[in-house]
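1. what's the 3D shape of this:
(2 chains)
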Number of protein chains: 2
Amino acid sequence: MQRHFDEALEQLKQKLLRMSSLVEQSIGSSIKALMDRNAELAYKVIKADDAVNMLEIEIDELCLKLLALHQPTAGDLRFITSTMKINNDLERIGDLAVNIGQRTLDLIKVPPLKLKINIPKMATAAQAMLKDSLNAFVNKDSKLAYEVCKRDDEVDDLNHEIFMELLSCKPEDLTPVERVIDLVLVAKNLERVADHSTNICEDIIYMVDGKVIKHHITD
Amino acid sequence: MQRHFDEALEQLKQKLLRMSSLVEQSIGSSIKALMDRNAELAYKVIKADDAVNMLEIEIDELCLKLLALHQPTAGDLRFITSTMKINNDLERIGDLAVNIGQRTLDLIKVPPLKLKINIPKMATAAQAMLKDSLNAFVNKDSKLAYEVCKRDDEVDDLNHEIFMELLSCKPEDLTPVERVIDLVLVAKNLERVADHSTNICEDIIYMVDGKVIKHHITD
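-> The predicted structure is shown next:
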């Protein structure tokens, strides 16, 4: 029974790693599609979300099965419930990649904005947070997870900067207005990638150290 | 032990109902603040989120405690894991109310847009979905939960309509551009309230019928 359970836990971990890798790839491709104005890649990102959604359900069902059949306690229980939460955050990051893909398809229809908007810097920061949160998961590294949580403020600041840059557009740059709106929404999506990465790190800290740091509350 | 467990489950249900009621109130007030251009109410919504965040942690900890101490199976296990998920969705709806409050504070600083934008209709539809999802939870009514899931498309359509209305703004209405952007973001927030209500209903259907309907997959 114990060996069977250990194997199932390992299988769960592998599935979550596969999920992480799919989602990381989606976010990376969505940003590349946006930067390169590449419609084909944007469509690919949108289509790839089906696999993420299927895998989310698979992971969720495996967690419930393990909870029901093995009634785990302590560290194993924390690992399974944290996996359920991380899985949910990853699925939502997948949705954000789809949104960026959709915004990209809209933006390609209009000429690029001449104003230099620092979306690439924000994208790099958000992607790095996601990548490090997954590294923290693989290595059960709560120190790295803490560090990622702290970086959320930087991404929020970059989002604010982009917002202010867009607001300072010259009147002739405001039409078509969807260009400005789409860029605001892309920045908002990237900010949410950072938020979900922070959530993942909070779950890792709980999983590894048993500490709740959500909403900056420590106990 | 069983009586103690039943009491704890009832306590968990009451806490989740309290959470629902706080969040429903926040969304209602945020929309009222937006419509009435009421800064005081918007600030109140932003401040009220602390209580929601605290309660989220409390509920989450109670769920984990129940899983660890009582090792529930079948219906009780589904109730607890669904409560964890619903709790998370409610907390995020609370965050959306805060966002609408912040957008309201921005919008109050500029004269209202003359164009008639159908935010109230969308707000009513999203609020009704939230309300019904909570009713479905209280009454374990999976039929109502299904019906709420179906209404998500209506809210998505309303979001699209508002987006198109805003894009058709006359050039003189485009400045200040934050007015248009803030309204897009409010509509986006309302769309996400509907999404989270749909998630809650999917969890209720799983809790009551044991069926997974996420991403329109039935098994």
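2. for chain A, which segments count as strands?
-> Secondary structure of chain A (DSSP state E): no strands present.
3. what parts of chain A come near chain B?
-> A:53-54, A:56-57, A:60-61, A:63-64, A:67-68, A:71, A:73-74, A:77-78, A:81, A:84-85, A:88, A:163, A:166-167, A:169, A:171, A:174-178, A:180-181, A:184-185, A:188, A:212, A:214-215, A:217 (C-beta under 8 Å from any C-beta of the partner chain). Every C-beta, even on glycine, is put in place using the N, C-alpha and C of the backbone.
4. from these, which would you call buried?
-> Using 16 or more other C-beta atoms under 10 Å in any protein chain shown as the burial test, the residues of chain A next to chain B include A:53, A:56-57, A:60, A:63-64, A:67, A:71, A:77-78, A:81, A:84-85, A:88, A:163, A:166, A:169, A:174, A:177-178, A:180-181, A:184-185, A:188, A:212, A:214 as buried.
5. next step: the residues you listed restricted to helices.
-> A:53, A:56-57, A:60, A:63-64, A:67, A:77-78, A:81, A:84-85, A:88, A:163, A:166, A:177-178, A:180-181, A:184-185, A:188 (DSSP state H).
6. identify the residues contacting whichever residue of chain A sits closest to chain B.
-> Using C-beta to the nearest C-beta, the closest approach of chain A to chain B is made by A:Q71 at 3.6 Å. Neighbour list for A:Q71: B:71, B:73 [criterion: C-beta atoms under 8 Å, 6 or more residues apart in numbering or on different chains].
7. change it to 7 Å
-> By C-beta atoms under 7 Å, 6 or more residues apart in numbering or on different chains, the contact set of A:Q71 is B:Q71.
8. pLDDT score for it?
-> A:Q71 carries a pLDDT value of 87.
9. same deal with the one 3 residues further on?
-> Taken from the predicted model, the pLDDT recorded for A:A74 is 85.
10. where's A:A187 relative to A:T104, distance?
-> Per C-beta to C-beta, to the nearest Å, A:A187 is found 13 Å from A:T104.
11. identify the contacts common to those two.
-> With the criterion set as C-beta under 7 Å, 6+ apart, the contacts of A:A187 and A:T104 do not overlap.
12. burial of A:K143, as a residue count?
-> Other residues lying near A:K143 total 11 when counted by other C-beta atoms under 10 Å in any protein chain shown.
13. surely A:P176 and A:V110 touch.
-> Yes. Using C-beta atoms under 7 Å, A:P176 is in contact with A:V110, at 5.2 Å.
14. need phi/psi at A:Q71.
-> Main-chain torsions, A:Q71, degrees, to the nearest 10: phi 40, psi 60.
15. which ones are touching A:L64?
-> Applying C-beta under 7 Å, 6+ apart, we find A:L64 in contact with B:T81.
16. give me the below-cutoff pLDDT ranges for chain A.
-> Counting by pLDDT under 70, the low-confidence segments of chain A come to A:1, A:216-219.
17. which stretches of it form helices?
-> Counting by DSSP H, chain A has these helices, from start to end: A:2-36, A:39-70, A:74-108, A:119-138, A:142-167, A:177-209.
18. grab the nearest non-local neighbour of A:E61.
-> Distances taken as C-beta to C-beta, 6 or more residues apart in numbering or on different chains put B:V212 closest to A:E61, at 7.1 Å, once the chain neighbours are dropped.
19. again with A:M122
-> Nearest residue to A:M122 in three dimensions, chain neighbours excluded: A:L158, at 4.2 Å (C-beta to C-beta, 6+ apart).
20. from what I can see the one you found touches A:A125, true?
-> Yes. Between A:L158 and A:A125 there is a contact at 6.2 Å, judged by C-beta under 7 Å.
21. these two: which has the busier surroundings?
-> Using other C-beta under 10 Å as the criterion, A:L158 and A:A125 rank with A:L158 on top: 22 against 19.
22. list the contacts of that one.
-> A:L158 makes contact with A:118, A:121-122, A:125 under the criterion C-beta under 7 Å, 6+ apart.
23. by neighbour count, which of those residues wins?
-> Most neighbours among the contacts of A:L158, by other C-beta under 10 Å: A:M122, with 25 neighbours.
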